[in-house]
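J.: Sequence and predicted structure, then a few things I'm wondering about:
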Amino acid sequence: MTGVPKTAIELAKHFEGFERKVKRGAEITAIAYVCPAGFWTIGYGHLCDPKHSPITEAEAEVYLARDLQSALAATLRFCPVLATEPESRLAAIVDFTFNLGVGRLQTSTLRRRVNQRDWAAAARELRRWVYGGGKVLPGLVTRRETEAAWLLLNV
């Protein structure tokens, strides 16, 4: 995954996992499922149609690579200061963008705090993004705490 920080790949895989595994013949595949926030997903958090056919882990890796490349490009477009910051900061915001989408980053106070290089305030903003389907999701709390820690690593 050229250009995508290794930490961002690790974060995405850790929090998304290769979900909903089923055995099909000799292969382990993933099937589409509804994530806790109510979106149809497959593999490593790839948004999909409910009727998406099962995929192998190799196919999930391809989706993840594309999704992270898109998240990286969007993150750098809206937070250009991250191009000169430590990789841990870029990885944290790429993971946020991958998880919640570019629209959330684009319109967020998080984006402003990152571009101001106010890392403590950016970490506080990250910690606010823990809701899915109108309720606090423990997995998102953990994910945002991890991203905040990576953001503050070099402060």
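T.: Thanks, I have the structure now. Numbering: from 1, shown residues only.

J.: drop to CA atoms for contacts and neighbour counts, all remaining ones
T.: Will do.

J.: Which residues are in contact with T56?
T.: For T56, the residues meeting the contact criterion (Cα atoms under 8 Å, 6 or more residues apart in numbering) are 27-30.

J.: what do you get if the cut-off is 7 Å, keeping everything else the same?
T.: Counting by Cα atoms under 7 Å, 6 or more residues apart in numbering, T56 touches 28-30.

J.: Quick check: buried residues in the lowest-mean-pLDDT helix or strand in the chain?
T.: In the chain, the helix or strand scored least confidently by mean pLDDT, DSSP states H and E is strand 21-24, which has a mean of 70. The neighbour-count check on strand 21-24 (16 or more other Cα atoms under 10 Å) flags K21 as buried.

J.: CA-only coordinates of it, as CSV, when you get a sec.
T.: Output for strand 21-24, consisting of C-alpha atoms alone and laid out as CSV, is shown next (Å, rounded to 0.1, in the frame of the first residue of the first chain):
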residue,chain,number,x,y,z
LYS,A,21,-15.6,-15.5,8.3
VAL,A,22,-17.3,-18.5,6.8
LYS,A,23,-15.7,-21.6,5.3
ARG,A,24,-16.5,-22.2,1.7
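
J.: outside of that strand, which residues touch it?
T.: Strand 21-24 is touched from outside by 28-31, with contacts defined as Cα under 7 Å, 6+ apart.

J.: Buried ones among those residues?
T.: The neighbour count (16+ other Cα under 10 Å) marks 29-31 as buried among the contacts of strand 21-24.

J.: Sort those by pLDDT and name the bottom one.
T.: pLDDT across the buried ones among the contacts of strand 21-24 is lowest for T29, at 85.
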